[in-house]
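Asker: fold the stuff below for me.
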Amino acid sequence: MKCLILAAGYAIRLYPLTENFPKPLLKVGDKTILDWLVDDIDSAGLVDGFVVISNHKFAGHFREWAAGRPASSASFTVVDDGTSTNETRLGAVRDIQFAVDSLGLDDDMLVIAGDNILDFSLVEFIRYAEAKKTSCIMRYYEADGNRLHKCGVVEVDADDRVVGMEEKPAEPKSHWCCPPFYFYRREDAGRVAEGIAAGCGVDAPGSFAAWLSTRVPVHAMEMPGRRFDIGDIDSYRRVCAHFGSA
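Answerer: Below is the predicted model of the structure:
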């Protein structure tokens, strides 16, 4: 299994902290945001390769980070998508396809955003997907109706199967939101180009999952803990305070 880490954004809402430095490598507590995610997954030994998808501006930072990682049985690869500004970014779905094409990937894939911290292990999610034997997403209950307009909103049946999914809906059909963590079976991971050609959105990473769920069974695990989304300086400070960093 490969783990694709979406890290090609420019985090303009975190300026000046991220004007010349990538958000996933900001410190929270005693390690980077990205290390919080990778350490959890790597320790379980379920992934044989990590792929960080970066933009050209920050690729060097990620290569330096990867070179400084402790020894691991998994490989660490940084892919530069060639963009240098927020205005020219490819979008998350095109970045996934760029990595697949650049590296010739043909494997199960765990696709995660590199700018979130979780207080639970993603290993639970991987085990859930293995049990379901389908591509899978996660979901959490969002009580705030205003926030639903900014999320991927999911409808599920009694067996957790996704029966509807829409990014940033004008009229949300449920209170289940999808965080940016996805498991794609090998055969489904190979359909990203097909999804793009069919017109699925390319900016939000959940757009491909939404398209895929209309073609094959996709299940949604209820998130077993909290997700800390680091979107601006205030949220970054709150996360640092929660995890004991000044």
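Asker: hey, where'd the helices end up in this protein?
Answerer: If DSSP state H is used as the criterion, the helices of the chain fall at 33-44, 59-67, 92-103, 123-132, 145-148, 186-189, 192-197, 206-212, 233-242.
Asker: contact partners for Val163?
Answerer: Contact partners of Val163, counting by C-beta atoms under 8 Å, 6 or more residues apart in numbering, are 155-157, 213. In short, each C-beta sits where N, CA and C put it, glycine included.
Asker: for Lys27, give its distance to Phe125.
Answerer: With distances taken as C-beta to C-beta, to the nearest Å, Lys27 is found 25 Å from Phe125.
Asker: quick revisit: worst mean pLDDT among the helices of the chain?
Answerer: Set side by side, the helices of the chain give their lowest mean pLDDT on helix 145-148, at a mean of 88.
Asker: what comes up buried for that helix?
Answerer: Neighbour counts over helix 145-148 (16 or more other C-beta atoms under 10 Å) mark Leu148 as buried.
Asker: what about dumping the CA coordinates of it to CSV?
Answerer: The C-alpha trace of helix 145-148 is given here as CSV (Å, rounded to 0.1, in the frame of the first residue of the first chain):
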residue,chain,number,x,y,z
GLY,A,145,-25.3,24.1,9.5
ASN,A,146,-23.1,26.9,8.3
ARG,A,147,-20.0,24.7,8.2
LEU,A,148,-21.8,22.1,6.1
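Asker: isn't Asp108 up against Lys2?
Answerer: Yes. Asp108 is in contact with Lys2 according to C-beta atoms under 8 Å; the separation is 7.3 Å.
Asker: neighbour-wise, which of those two wins?
Answerer: Set Asp108 next to Lys2 and count neighbours by other C-beta atoms under 10 Å: Lys2 wins out with 24 against 20.
Asker: who does the more buried one bridge with?
Answerer: Legend: beta-bridge partners of Lys2 under DSSP bridges are Gly49, Met109.
Asker: separate out the buried members of the contacts of Val163.
Answerer: Buried members of the contacts of Val163, counted by 16+ other C-beta under 10 Å: 155-156, 213.
Asker: turn those into a markdown table, including distance to Phe50.
Answerer: A markdown table is the format used below for the buried ones among the contacts of Val163 (distance: C-beta to C-beta, whole Å):
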| residue | distance to Phe50 |
| --- | --- |
| Glu155 | 32 |
| Val156 | 29 |
| Ser213 | 26 |
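Asker: out of those, who's nearest Arg227?
Answerer: Arg227 has its nearest neighbour among these in Val156, at 18.0 Å by C-beta to C-beta.
Asker: how many neighbours does the closest residue to that closest one other than its chain neighbours have?
Answerer: Leaving aside its sequence neighbours, Val156 sits nearest to Ala220 (C-beta to C-beta, 6 or more residues apart in numbering; 5.1 Å). Neighbours of Ala220 under the rule other C-beta under 10 Å: 25.
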